[in-house]
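1. Okay, here's the prediction I keep looking at, along with the sequence it came from:
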Amino acid sequence: MNFSYSKGSGLLTLICFAVLSAYIVYKQATNSNAIDLDRQVVRHERMLNGDSEFFNPWQYRIFSTYVVEGFYQGMHSIISQLDYIKVFLIFRILQNIFIFYIAALYFKALSIQNPWLILSGILILGFSMAHSVFQSDLSINTYFDILFYLLGAWCILKQKYIWIVPLMLAAVLNRETSLLIPAMLVIPFIRWKERTIPRNILFIGGLATGVFFLGFVLVRIYYGYRSSEGINGMKTFLDYLTFNIRYMMVYPELFGTLAFIPLVVLVFLRRLPRILQQWFWIVCPAWFGIHLIYSTIVESRLFLVPQALIFIPAFLWLIENWYSTEIKEENPT
């Protein structure tokens, strides 16, 4: 199998991705700890009406809501028997498949060459998704967040920097957590000794950041701003931190999503390519720190972005680098 998407291998790849995607959606739809599908329809309709159940921040994450609604209207006009639930499930399957293709391209852009290793990485990502269902709905905006980060990273590696700007327009209307994407572009180009940044990078990064803050503000003006609501009575950073440390279900749920891969990556961080090291320090401390003090991390799907963007590709790179080194030592020229 390879990822050139030739006729034979492309079909086999699609089948593998589709089966894995369907399994993930099956777990999301049937797990007893997940949010039932009928309630998700109600939440979707409330979003469309501008009266989201958890107004700040749910109401401001409109991208996925309107994309799914457009998909529903299109599908329903063709097959009138399809209801919201069936369309949601179809959409999530297609969304996963797209994520897997972009992840494969991203892994290749990081110089991970072994196609079976890439497929293994997709499999790890798929099972990470399937084990991230505690108090989860289909989490369409979360999966768009994964997709946007992978697309952003791929654009940077392929030097398609200008595409970060329109990407941010969609990303900010999807989730406010997308703010780190422009930082992933700019910070690796900083020349710290000279205290300079290439002009084109600074311009594009600044423009992308400006798009983020413009979208962030305008959507809140449009729907009206309300103070954020505490979850389960938690309002302060200390409330969240205490809950996240003491709630015992946090630990098996996080292990089900991340396993031991972050620990391996942390131990061998200095062996990684420079860009992955930089992205680790840009994304991971902020991501884990903010979620630890301002969310319930037992909902482990919140950590699928660093898992897909940093931990899995770093793990694959370490394996391929180790294997290549072993081959060279066994067969010196």
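-> Arrived safely, thanks for sending.

2. Only C-alpha atoms from now on, for both contacts and neighbour counts.
-> Fine.

3. Quick one: end-to-end length of stretch 230-244, please.
-> Looking at stretch 230-244, the gap from its leading to its trailing residue is 14 Å under the measure Cα to Cα, to the nearest Å.

4. What average pLDDT does that stretch get?
-> Mean pLDDT, taken over the full extent of stretch 230-244, equals 85.

5. got any ranges where this structure has weak pLDDT?
-> 1-8, 326-333 (pLDDT under 70).

6. helix or strand right after the host helix or strand of Ile102?
-> With secondary structure defined by DSSP states H and E, Ile102 is part of helix 84-109. Downstream of helix 84-109, the next assigned helix or strand under DSSP H and E is helix 115-130.

7. so what secondary structure elements neighbour the helix or strand following that next one?
-> Following the chain from helix 115-130 toward its C-terminal end, the next helix or strand by DSSP H and E is helix 140-157. Helix 140-157 makes packing contacts with helix 62-78, helix 84-109, helix 164-174, helix 180-186, helix 304-306 when contacts are defined by 3 or more Cα pairs under 8 Å, 6 or more residues apart in numbering; DSSP states H and E.

8. Tell me, how many residues neighbour Ser227?
-> Ser227 has 8 neighbours, counted by other Cα atoms under 10 Å.

9. Could you look up the SS state of the residue lying closest to it once chain neighbours are set aside?
-> Counting by Cα to Cα, 6 or more residues apart in numbering, the nearest residue to Ser227 once its immediate chain neighbours are dropped is Asn56, at 6.6 Å. With DSSP: H, G, I helix; E, B strand; the rest coil as the basis, Asn56 sits in helix.

10. Could you dump the helices and strands packed on helix 140-157 into TSV and include distance to Val211?
-> Output for the helices and strands packed on helix 140-157, formatted as TSV (distance: least, Cα to Cα, whole Å):
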stretch	distance to Val211
helix 62-78	15
helix 84-109	23
helix 164-174	6
helix 180-186	10
helix 304-306	21
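
11. export those helices to JSON lines and tack on mean neighbour count?
-> Shown next, in JSON lines, are the helices and strands packed on helix 140-157 (neighbours: other Cα atoms under 10 Å):
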{"stretch": "helix 62-78", "mean neighbour count": "16"}
{"stretch": "helix 84-109", "mean neighbour count": "20"}
{"stretch": "helix 164-174", "mean neighbour count": "22"}
{"stretch": "helix 180-186", "mean neighbour count": "21"}
{"stretch": "helix 304-306", "mean neighbour count": "22"}
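
12. Now Arg191. Its backbone dihedrals?
-> Note on Arg191: its backbone torsions stand at phi -100, psi 100 [degrees, to the nearest 10].

13. Check the gap between it and Asn114 for me.
-> Going from Arg191 to Asn114 by Cα to Cα gives 33 Å.

14. who has more neighbours, those two?
-> Asn114 (17 against 11).

15. Spit out the contact partners of that one.
-> Asn114 sits next to Glu320 when contact means Cα atoms under 8 Å, 6 or more residues apart in numbering.

16. circling back: what packs against the helix holding Ile102?
-> Here helix 84-109 touches helix 7-30, helix 37-48, helix 62-78, helix 115-130, helix 140-157, going by 3+ Cα pairs under 8 Å, 6+ apart.

17. Is it possible to get TSV of those that adds distance to Gly215?
-> Converted to TSV, the helices and strands packed on helix 84-109 look like this (distance: least, Cα to Cα, whole Å):
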stretch	distance to Gly215
helix 7-30	30
helix 37-48	18
helix 62-78	11
helix 115-130	28
helix 140-157	16
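
18. Just name the most buried of those.
-> Each of the helices and strands packed on helix 84-109 was scored by mean neighbour count; the highest is helix 140-157, a mean of 22, by mean count of other Cα atoms under 10 Å.

19. Alpha carbons of that helix, as CSV, please.
-> Extracted in CSV, the C-alpha atoms of helix 140-157 (Å, rounded to 0.1, in the frame of the first residue of the first chain):
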residue,chain,number,x,y,z
ILE,A,140,-18.1,17.9,14.8
ASN,A,141,-16.4,21.2,15.7
THR,A,142,-13.7,19.3,17.6
TYR,A,143,-12.9,17.2,14.5
PHE,A,144,-12.8,20.3,12.3
ASP,A,145,-10.3,21.7,14.8
ILE,A,146,-8.1,18.7,14.2
LEU,A,147,-8.5,19.1,10.5
PHE,A,148,-7.6,22.8,10.5
TYR,A,149,-4.5,22.2,12.6
LEU,A,150,-3.4,19.4,10.3
LEU,A,151,-4.1,21.5,7.2
GLY,A,152,-2.3,24.5,8.7
ALA,A,153,0.8,22.4,9.5
TRP,A,154,0.8,20.8,6.0
CYS,A,155,0.6,24.3,4.4
ILE,A,156,3.5,25.5,6.5
LEU,A,157,5.6,22.4,5.6
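
20. Thank you, goodbye.
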